[in-house]
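> Got a sequence here, can you build the structure:
(one chain, ligands or ions: 1)
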Amino acid sequence: MWGAVKEKFVSITQLAILGGAPAFEMPLHVGRPNIGDRQQFMASVGQILDNRWLTNFGPFVGQFERELCRFLGVKHCLTVCNATIGLEIAARALGLAGEVIVPAFTFIATAHSLHWQGITPVFCDIDPATHTIDPAQVEHLITPRTTGIVGVHLWGRPCDIEALQEIAARRKLKLLFDAAHAFGCSYRGRMIGNFGDAEVFSFHATKFFNTFEGGAIVTNDDDLARHANIIRDFGFTGYDRVVEVGTNGKMTEVCAAMGLTNLRSLDDFVRINRRNYHAYRRELDALPGFHLIHYDESERGNFQYMAVEVDAQEAGIGRDDLIKVLHAEKVLARRYFWPGCHRMEPYRTLYPDAAATLPRTEAVADRILVLPTGSAVSEEDIETVCGILRVAVANAAEVRQRITSHG
Ligand SMILES: *Cc1c(COP(=O)(O)O)cnc(C)c1O
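Next comes the predicted model:
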């Protein structure tokens, strides 16, 4: 029955926001967890219980770290309980203090990880073509208090790494990358994880590659790895010996087992995301006002975000109205990363004038729409989602009017 409704998504009266039945019975999420071979994972859980070694750098964490190093071609990998703690540990191990320049268009954890340790995040605007930090703006924000730059490889698309490395070297600043989105991606043929002083991945359940919760700090710097390793473990360097303040950033064995399982299926996850990306492009590229982000397919990518900029003028209907249309159909599209870190607390109160210096962040945050993908989303689902969008655009005036009158 649902199949029939989906195939014939052509008429405005079918829209749930106009009283039709929702296109989906179950909510379609932006990213439901990708899960690899269940049996392999359950066998590993059995082994962990047999070992009675649940955490504190057990054999699964050891193996996972070695496999990550090999996959990324990087010297050191420190798994962590989540990327937020990973960013905090990396920032502290790098000696970041005073001011650190960071994009405002990112997930709030990028800014929080700095502020949490008394570092002032200084928000930088993005390049509107790539959505990543604009190196030209970075130069203008450097003060005598600046100690570093944190770039974010947003949507898995690498920052302008070369320009940032040049600035960091010339101005003697540390360079850290929030690579939460960029596991499995490359820059000029080299895997993300090898750039700046260190990079931090997130393996949260909502990321395309997950360990339930988790992440990793990776670096080619021996001293930095040694220091971060101490901070990750309360500052211990041996039994009963603590040399500095540290935290608990350890990954558990069961999380590492999930990571090892999911690594085996990584190529499948990417293949599905790539198929979905092309399905969206086929369906939406010709729709007026819909500007889908592009992935450079000459590099390795993970295609994990299907982000679209909606030009309300061209489409006749804005991003926020489209979100209402989609949510009524149980398509839980999101507005990542609206409204920008500078408009969330505590930064909103601390820097009330920040918006004026971030015009491109503001513009993109107002247009961005992130659509469902991942292994829980089929090409048929995508055709239905795009059918809804086409009907909404084709009947923009009526849909807008309906939303305004019904709130
Ligand atoms: C998800 C995410 C984080 C935080 O990762 P956790 O593992 O959930 O702590 C940090 N930065 C960005 C850009 C993210 O998307």
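
> Flag the helix or strand of the protein with the lowest per-element mean pLDDT.
helix 2-7 (a mean of 45; mean pLDDT, DSSP states H and E).

> Which elements pack onto the helix or strand just after that one?
Downstream of helix 2-7, the first helix or strand assigned by DSSP states H and E is strand 28-29. Using 3 or more C-beta pairs under 8 Å, 6 or more residues apart in numbering; DSSP states H and E, the elements in contact with strand 28-29 are strand 331-332. (C-beta placed from N, C-alpha, C; glycine too.)

> Report pLDDT for T404.
With respect to pLDDT, T404 scores 89.

> and it, what does it touch?
T404 makes no contacts at all, as judged by C-beta atoms under 8 Å, 6 or more residues apart in numbering.

> Run through the helices of the stretch 1-150 of the chain in chain order.
Assigned by DSSP state H, counting those that start in this stretch, the stretch 1-150 of the chain shows helices spanning 2-7, 38-51, 59-72, 83-93, 108-115, 135-141.

> Now for S298, how many residues are close by?
As a burial measure, S298 scores 9 neighbours (other C-beta atoms under 10 Å).

> can you check R334 too?
Residues near R334, counting by other C-beta under 10 Å: 18.

> Can you classify D267 as helix, strand or coil?
Per DSSP: H, G, I helix; E, B strand; the rest coil, the local secondary structure of D267 is helix.

> That one: how many residues sit nearby?
Neighbour number of D267 under other C-beta under 10 Å is 10.

> now it: how far from V391?
Counting by C-beta to C-beta, to the nearest Å, the separation of D267 from V391 is 36 Å.

> ok, now how distant is A363 from the ligand?
20 Å (C-beta to the nearest ligand atom, to the nearest Å).

> That residue touches I126, doesn't it?
No. In this structure, A363 is not within contact of I126 by C-beta atoms under 8 Å, at 9.6 Å.

> Low-confidence bits of this structure, can you list those?
For the chain, the stretches with pLDDT under 70 are 1-10, 407.

> can you list the domains in it?
As given by automatic domain parsing, the domain ranges for the chain are 12-23+266-333+372-405, 38-263.

> hey, which of those is tucked in deepest?
Across the domains of the chain, averaging neighbours per residue (mean count of other C-beta atoms under 10 Å) puts domain 38-263 on top, at a mean of 20.

> Give me the distance between the two termini of that one.
13 Å (C-alpha to C-alpha, to the nearest Å).

> now V393, nearest residue through space, not along the chain?
A315 (5.4 Å; C-beta to C-beta, 6 or more residues apart in numbering).

> got it, and A365?
In space, A365 is closest to W338, 4.4 Å off (C-beta to C-beta, 6+ apart).

> In contact with that neighbour, which residues?
A365, D366, I368.

> follow-up on the earlier one: can you put the helices of the stretch 1-150 of the chain in CSV and add distance to R281?
Shown next, in CSV, are the helices of the stretch 1-150 of the chain (distance: least, C-beta to C-beta, whole Å):
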stretch, distance to R281
helix 2-7, 20
helix 38-51, 32
helix 59-72, 28
helix 83-93, 29
helix 108-115, 28
helix 135-141, 28
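
> Quick one: the ones you listed as a markdown table, columns for distance to the ligand too.
A markdown table is the format used below for the helices of the stretch 1-150 of the chain (distance: least, C-beta to the nearest ligand atom, whole Å):
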| stretch | distance to the ligand |
| --- | --- |
| helix 2-7 | 31 |
| helix 38-51 | 20 |
| helix 59-72 | 15 |
| helix 83-93 | 3 |
| helix 108-115 | 4 |
| helix 135-141 | 18 |
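
> Which of those helices sits closest to E309?
Across the helices of the stretch 1-150 of the chain, E309 has its closest neighbour in helix 135-141 (19.7 Å, C-beta to C-beta).

> Can you pull out the residues in contact with the closest one?
Helix 135-141 is contacted by residues I101, V122, C124, D125, I149, D160, A163, L164, I167 when judged by C-beta under 8 Å, 6+ apart.

> which of these lies closest to I48?
Closest to I48, out of all of the contacts of helix 135-141 and judged by C-beta to C-beta, is I149, at 39.2 Å.

> Return the residues in contact with the closest residue to that closest one other than its chain neighbours.
Leaving out its chain neighbours, the residue that sits closest to I149 by C-beta to C-beta, 6+ apart is I101, at 4.8 Å. Applying C-beta under 8 Å, 6+ apart, we find I101 in contact with V122, C124, I133, V138, L141, I142, T146, G148, I149, V150.
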